[in-house]
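Asker: Coordinates for the following, if possible.
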Amino acid sequence: MPLQFNTVKLFAGSGTLELADKISKSYGKPLGDMTLSKFSDGEIQPFYNESVRGSDIFLIQSTNQPTDNLLELLLMIDAAKRASAHYITVVVPYFGYARQDRKDKPRVAIGAKMIANLITAAGAHRIMTMDLHAAQIQGFFDIPVDHLDGAIIFVPYIKSLKLENLMIASPDMGGSYRARTFAKFFNAEVVICDKRRKRANEIESMSIIGDVKGQDVVLIDDICDTAGTLSKAAALIMENGARSVRAVCTHAVLSGKAYETIQNSVLTEMIVTDTIQLNPEKAAQCSKIKVLSTADLFANAIKNVNEHGSISDLFDVK
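Answerer: Below you'll find the predicted structure:
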């Protein structure tokens with residue numbers, strides 16, 4: 001007996017409209033009709049303008065700041081559940097609060113676990129996300145997690161540059177596993193920038209483990225917030241004799257003076273994805289940022305989930 005597939009409907013939160021529109025076009029189905037209204041005091045109220053009863057729905061929303069993005073997603077899930085949706089998958093291209101994945105000092109919250117609990121309690125049946133800050137965050141959920149790998153997007157682009165002496169670098173010790181995994185696609189060597197922090201977003205010192213002389217170095221990271229770490233790592237790499245240095249970063253948070261920092265850095269370019277929408281005014285003043293779209297990858301993943309296909313097959317880099 002052939003598998004029966006329910007009607008698929010895609011809906012977008014206000015924080016990820018641009019990417020959601022690209023995903024819907026790649027998938028071949030327009031975004032569903034939904035209204036996100038606000039009371040005069042700022043309270044959010046989502047409303048589906050079409051029936052979702054019995055449908056498999058995909059709610060697309062990154063949970064970057066402002067916090068309204070997260071609250072909006074939770075209310076969208078609840079509204080869908082109460083409207084008798086058959087299966088609710090939240091598509092969270094950037095999973096905010098992922099950096100709070102452990103107690104690294106006394107009396108702090110494990111924010112990533114709390115957000116996972118909220119999404120599950122709201123009524124989601126499945127979550128789809130990309131390049132979590134720590135892969136073990138998947139274990140914080142008691143529902144299936146589809147963890148998409150951004151390498152499938154970055155590797156072809158890096159290969160197209162045809163860099164003669166490619167070397168992969170991690171901007172800190174915590175990202176060494178990510179850098180080694182990435183390096184396997186190129187049979188490249190890995191160097192690590194060892195940094196010491198005074199406090200969050202403030203670096204005390206940094207040193208390089210490895211030799212970068214004469215190399216075309218590509219720094220690999222998952223999140224670029226203030227761009228302080230990447231710019232300092234790039235400067236240190238060039239001071240140690242590298243021919244060029246680029247940065248690959250999945251999630252362009254880019255807070256504070258990040259755009260200015262990137263533009264004034266020694267980086268040849270900063271390659272990011274569209275999991276977080278860039279500030280158009282600031283991005284226009286920063287010629288070093290190149291954005292690669294995740295739309296096709298998410299659209300294919302949505303199709304495979306609906307048709308009970310494999311997600312891992314999407315990560316086969318030829």
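Asker: Surely E18 is within a strand?
Answerer: No. According to DSSP: H, G, I helix; E, B strand; the rest coil, E18 belongs to no strand; its state is helix.
Asker: Now do the same for the residue lying closest to it once chain neighbours are set aside: its pLDDT.
Answerer: The shortest distance from E18 to any non-neighbouring residue, by C-beta to C-beta, 6 or more residues apart in numbering, is to Q277 (5.3 Å). Glycine gets a C-beta too; all of them are placed from N, C-alpha and C. As predicted, Q277 sits at a pLDDT of 95.
Asker: before we move on, what about L17?
Answerer: 96.
Asker: Tell me how far it lies from M34.
Answerer: In this view, L17 and M34 are 11 Å apart by C-beta to C-beta, to the nearest Å.
Asker: Please identify which of those two sits among more neighbours.
Answerer: M34 (20 against 14; other C-beta atoms under 10 Å).
Asker: shouldn't the more buried one be in contact with S51?
Answerer: No. In terms of C-beta atoms under 8 Å, M34 does not count as a neighbour of S51; the distance is 12.0 Å.
Asker: Run through the strands of the chain in chain order.
Answerer: 8-12, 34-38, 44-48, 56-60, 87-92, 126-130, 145-148, 166-170, 190-199, 202-209, 216-224, 244-252, 270-273, 289-292 (DSSP state E).
Asker: Would you mind giving those as JSON lines with distance to L73 and mean pLDDT added?
Answerer: Listed next are those as JSON lines, based on distance: least, C-beta to C-beta, whole Å; pLDDT from 0 to 100:
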{"stretch": "strand 8-12", "distance to L73": "10", "mean pLDDT": "97"}
{"stretch": "strand 34-38", "distance to L73": "11", "mean pLDDT": "94"}
{"stretch": "strand 44-48", "distance to L73": "9", "mean pLDDT": "96"}
{"stretch": "strand 56-60", "distance to L73": "6", "mean pLDDT": "98"}
{"stretch": "strand 87-92", "distance to L73": "6", "mean pLDDT": "98"}
{"stretch": "strand 126-130", "distance to L73": "10", "mean pLDDT": "98"}
{"stretch": "strand 145-148", "distance to L73": "16", "mean pLDDT": "96"}
{"stretch": "strand 166-170", "distance to L73": "31", "mean pLDDT": "95"}
{"stretch": "strand 190-199", "distance to L73": "30", "mean pLDDT": "76"}
{"stretch": "strand 202-209", "distance to L73": "31", "mean pLDDT": "72"}
{"stretch": "strand 216-224", "distance to L73": "19", "mean pLDDT": "96"}
{"stretch": "strand 244-252", "distance to L73": "16", "mean pLDDT": "97"}
{"stretch": "strand 270-273", "distance to L73": "19", "mean pLDDT": "98"}
{"stretch": "strand 289-292", "distance to L73": "23", "mean pLDDT": "97"}
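Asker: Please list all residues in contact with A179.
Answerer: Counting by C-beta atoms under 8 Å, 6 or more residues apart in numbering, A179 touches I168, A169, S170, V190, I192, I220.
Asker: Could you export those to JSON lines, including columns for distance to S244 and neighbour count?
Answerer: Formatted as JSON lines, these follow (distance: C-beta to C-beta, whole Å; neighbours: other C-beta atoms under 10 Å):
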{"residue": "I168", "distance to S244": "13", "neighbour count": "25"}
{"residue": "A169", "distance to S244": "12", "neighbour count": "33"}
{"residue": "S170", "distance to S244": "17", "neighbour count": "25"}
{"residue": "V190", "distance to S244": "17", "neighbour count": "18"}
{"residue": "I192", "distance to S244": "19", "neighbour count": "21"}
{"residue": "I220", "distance to S244": "15", "neighbour count": "26"}
